[in-house]
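# got a sequence here, can you model it:
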Amino acid sequence: MNFKSFIETLKKNWIVSSAITALIGLVLVLFPTGTLKVISYVIGALAVVMGVIRTVRYFKQDHTYPFLFQSDLLVGLLSIGFGLFLIISAETVISMVPFVFGILLIGCGVGNVLRAIDARNAGLSSWAVLMALAVISIAVGIVCMANPFTVMETAVIVIGAALIYVGITDIVTTVAVSKRIRLWKGASES
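All right, here's what the predicted structure looks like:
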């Protein structure tokens, strides 16, 4: 493969992968709730498949070395149960993610309030900034817990917009770089 065909192949691959990235972003922006459900279904299906494999493996072993596969039955059954829960209760699972994230943000914010108080007691001038950031963390955590489904949809839309941006900028960069390489290659050949 010569240099020119190598660069052309590389360019095509980058453009295709960048276009796929932008397309995934567009799907996330246009269908945030549906996308979240599909993700829940896919993870649930994978968990069920893994659980079935582990359960079957447990029953197919010859039990000569039972300690090697003793957890397979339990892990298999739990995986099947978890997978079915994700498939059956996709909306519940989706709404729980921001709620749990909100709890974590509030916990971190409270910890940061305590650090800001310690900073103030230590005479640090930046304690007010630390306190403001802690309060913002707590407020965002409360918003996540108060309206988790909207927060999750918004997060998916933001991720989708970021993927669209990355995909488009990668395409533009690839075209510009390949043009520059062609110019460089043409100048070096003459």
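# which parts of the chain are helices?
3-30, 32-60, 66-69, 72-88, 90-121, 127-146, 148-189 (DSSP state H).
# show residues contacting the fourth one.
Outside of helix 72-88, the residues that reach it under the criterion C-beta atoms under 8 Å, 6 or more residues apart in numbering are 40-41, 43-59, 61, 93. From N, CA and C alone the C-beta is placed, and that goes for glycine too.
# buried ones in it?
72, 75-76, 79-80, 82-83, 86-87 (16 or more other C-beta atoms under 10 Å).
# what does the second one give?
Using 16+ other C-beta under 10 Å as the burial criterion, the residues of helix 32-60 that qualify are 32, 35-37, 40, 43-44, 47-48, 50-51, 54-55, 58.
# ok, back up a step: ok, so of the buried residues of helix 72-88, who is nearest Thr21?
Closest approach to Thr21 among the buried residues of helix 72-88 (C-beta to C-beta): Leu86, at 25.6 Å.
# so the closest one versus Ile43, what's the distance?
To Ile43, Leu86 is 6 Å away according to C-beta to C-beta, to the nearest Å.
# same deal with Leu23?
From Leu23 to Ile43 the distance is 21 Å (C-beta to C-beta).
# follow-up on the earlier one: compile the buried residues of helix 32-60 into JSON lines and extend it with columns for distance to Thr154 and pLDDT.
What follows is the buried residues of helix 32-60, written out as JSON lines (distance: C-beta to C-beta, whole Å; pLDDT from 0 to 100):
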{"residue": "Pro32", "distance to Thr154": "8", "pLDDT": "86"}
{"residue": "Thr35", "distance to Thr154": "13", "pLDDT": "85"}
{"residue": "Leu36", "distance to Thr154": "12", "pLDDT": "82"}
{"residue": "Lys37", "distance to Thr154": "16", "pLDDT": "86"}
{"residue": "Ser40", "distance to Thr154": "18", "pLDDT": "88"}
{"residue": "Ile43", "distance to Thr154": "21", "pLDDT": "91"}
{"residue": "Gly44", "distance to Thr154": "24", "pLDDT": "93"}
{"residue": "Ala47", "distance to Thr154": "27", "pLDDT": "94"}
{"residue": "Val48", "distance to Thr154": "30", "pLDDT": "96"}
{"residue": "Met50", "distance to Thr154": "31", "pLDDT": "94"}
{"residue": "Gly51", "distance to Thr154": "33", "pLDDT": "93"}
{"residue": "Arg54", "distance to Thr154": "37", "pLDDT": "87"}
{"residue": "Thr55", "distance to Thr154": "39", "pLDDT": "89"}
{"residue": "Tyr58", "distance to Thr154": "43", "pLDDT": "83"}
